[in-house]
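A.B. asks: predicted structure and sequence below. I'll ask about it afterward.
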Protein chains: 2
Amino acid sequence: MTTAENILSTLLKDHGYSITSQRLLVFNLLIGQEPMTMHELIDRTNGKIDRASIYRIIGLFDQIGITQRLNIGWKYKIELTDKFAEHHHHLTCLNCHKVIPINKNELEDFIAQLATVQGFTPIDHQVEIQGYCQNCSKKVTKAKLLN
Amino acid sequence: MTTAENILSTLLKDHGYSITSQRLLVFNLLIGQEPMTMHELIDRTNGKIDRASIYRIIGLFDQIGITQRLNIGWKYKIELTDKFAEHHHHLTCLNCHKVIPINKNELEDFIAQLATVQGFTPIDHQVEIQGYCQNCSKKVTKAKLLN
DNA sequence: AGATTATTGCAAATTTGTTGCAATTATTAT
DNA sequence: ATAATAATTGCAACAAATTTGCAATAATCT
């Protein structure tokens, strides 16, 4: 078992979920890779896992902070969270949809960086913050995660 | 014609598109409202516009900078761009998906603001920058916009 | 190892988004 | 104003993405 797999296993157990070969496979397909679409992820499992299960696994991974969705226009890509990779921001090309990661920890650095990024013309940007509002419990009940 | 409708009309004409009742209706359903899903938008047209046309209209609005997509997990909502509303960022609740707009112009202010936002527990955030990379022309040909 | 509980695969359904084409509406040039 | 031209819409069908119920399988607990 790799270090990353150990972290994954702990996260799953701590949240009361089992460690399955499918979950390990999906995880290992994501680690060290560029963010990928659901389609790409499904392709890379080579039919070894059913599509429905992959959706359920990613849904679960999202909920317990293993993966997150990186939004590109109205599509999204999946990537591991900061637990498994450097904190990073992205430049995404409106035209070819290439995702260029920027490894900067501070938002200010990031903004300063902007002007100097070789050849990239920023058109727009968004800051998104996810969390829980006053009215919502921080606790995500397990019931909600499954169908 | 309202001021906003005049800006819309100018934008459409400047890009070589016609002003139609459908486009005006979609625009007016968005103005002054919270960001909404495609589903909500379709609902609010009360069958007055076909779904396919609404998709085409939003696609066009996106391209000429009238609307933009606000990403929430793996869904998105539609909102007017800064041309029609204050520049803003959002807090989105992972649980109820409520979108709380934050009216701050500077990213730094925004980050400082974070700690003080009443009752909101931030879990994660992303900064997304859209633009064009070195390899891609800044020009979006009209041909690409239509089907 | 056997009992219990969670997870998966399968098949079908639903939801979301796209397309071709004829009918309609907007714009342009009389 | 009206006719000609070009753009846009509605319709109906299609395609892709995501979800669901349920029986079969695999993981965990004793």
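C.D. replies: Looks like it arrived, so ask away.
A.B. asks: mind pulling up the pLDDT for A:Trp123?
C.D. replies: Trp isn't right for residue A:123; it's Ile. Looking at A:Ile123, its pLDDT is 53.
A.B. asks: in chain A, where is pLDDT below threshold?
C.D. replies: A:73, A:86-147 (pLDDT under 70).
A.B. asks: can you map out the strands along it?
C.D. replies: Applying DSSP state E to chain A gives strands spanning A:67-72, A:75-80, A:89-93, A:99-102, A:121-132.
A.B. asks: adjacent strands (with direction) for the first one?
C.D. replies: Pairing partners of strand A:67-72, with direction, according to DSSP bridges: strand A:75-80 (antiparallel).
A.B. asks: run through who's touching the partner strand.
C.D. replies: The contact list for strand A:75-80, computed with Cβ atoms under 8 Å, 6 or more residues apart in numbering or on different chains, reads A:27, A:30-31, A:34-38, A:41, A:58, A:66-70, A:85, A:97, A:99, B:71, B:74. Yep, even glycine has a C-beta here, placed from its N, CA and C like the rest.
A.B. asks: weed out the non-buried ones from those.
C.D. replies: The neighbour count (16 or more other Cβ atoms under 10 Å in any protein chain shown) marks A:27, A:30, A:35-36, A:38, A:41, A:58, A:66-70, A:85, A:99, B:71 as buried among the contacts of strand A:75-80.
A.B. asks: restrict those to those near DNA strand D?
C.D. replies: Of the residues in the buried ones among the contacts of strand A:75-80, proximity to DNA strand D by Cβ under 7 Å from any atom of the strand holds for A:Met38.
A.B. asks: tell me the one of the buried ones among the contacts of strand A:75-80 nearest B:Arg23?
C.D. replies: B:Asn71 (23.9 Å; Cβ to Cβ).
A.B. asks: so how far is A:Met1 from that closest one?
C.D. replies: 34 Å (Cβ to Cβ, to the nearest Å).
A.B. asks: and for A:Ile31?
C.D. replies: In terms of Cβ to Cβ, A:Ile31 sits 13 Å off from A:Met1.
A.B. asks: and for A:Leu12?
C.D. replies: 13 Å.
A.B. asks: these two: who's more crowded?
C.D. replies: Remark: of A:Leu12 and A:Met1, A:Leu12 carries more neighbours, 20 against 9, as counted by other Cβ atoms under 10 Å in any protein chain shown.
A.B. asks: I'd say that one and A:Arg23 touch.
C.D. replies: Yes - at 6.8 Å, A:Leu12 counts as touching A:Arg23 under the criterion of Cβ atoms under 8 Å.
A.B. asks: measure how buried A:Asp14 is and give me the count.
C.D. replies: There are 9 residues near A:Asp14, going by other Cβ under 10 Å.
A.B. asks: any idea how far A:Ile7 is from it?
C.D. replies: 11 Å.
A.B. asks: same check, this time on A:Met36
C.D. replies: Taking Cβ to Cβ as the measure, A:Met36 falls 20 Å from A:Ile7.
A.B. asks: also A:Arg51?
C.D. replies: 26 Å.
A.B. asks: same check on A:Lys75?
C.D. replies: Using Cβ to Cβ, we find A:Lys75 at a distance of 28 Å from A:Ile7.
A.B. asks: A:Leu29 too?
C.D. replies: 16 Å.
A.B. asks: get me the contact residues on chain A for DNA strand D.
C.D. replies: A:13, A:18-21, A:38-39, A:51-52, A:55-56, A:59, A:76, A:147.
A.B. asks: which ones among the residues you listed map onto helices?
C.D. replies: The helices, defined by DSSP state H, take in A:Lys13, A:Ser21, A:Met38, A:His39, A:Arg51, A:Ala52, A:Tyr55, A:Arg56, A:Gly59 from the residues of chain A next to DNA strand D.
A.B. asks: from these, list the buried ones, please.
C.D. replies: A:Met38, A:Arg56.
A.B. asks: for the ones in helices among the residues of chain A next to DNA strand D, give me JSON lines that also has distance to chain B.
C.D. replies: Below are those laid out as JSON lines (distance: Cβ to the nearest Cβ, whole Å):
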{"residue": "A:Lys13", "distance to chain B": "21"}
{"residue": "A:Ser21", "distance to chain B": "25"}
{"residue": "A:Met38", "distance to chain B": "8"}
{"residue": "A:His39", "distance to chain B": "13"}
{"residue": "A:Arg51", "distance to chain B": "15"}
{"residue": "A:Ala52", "distance to chain B": "15"}
{"residue": "A:Tyr55", "distance to chain B": "10"}
{"residue": "A:Arg56", "distance to chain B": "13"}
{"residue": "A:Gly59", "distance to chain B": "9"}
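A.B. asks: appreciated, that's everything.
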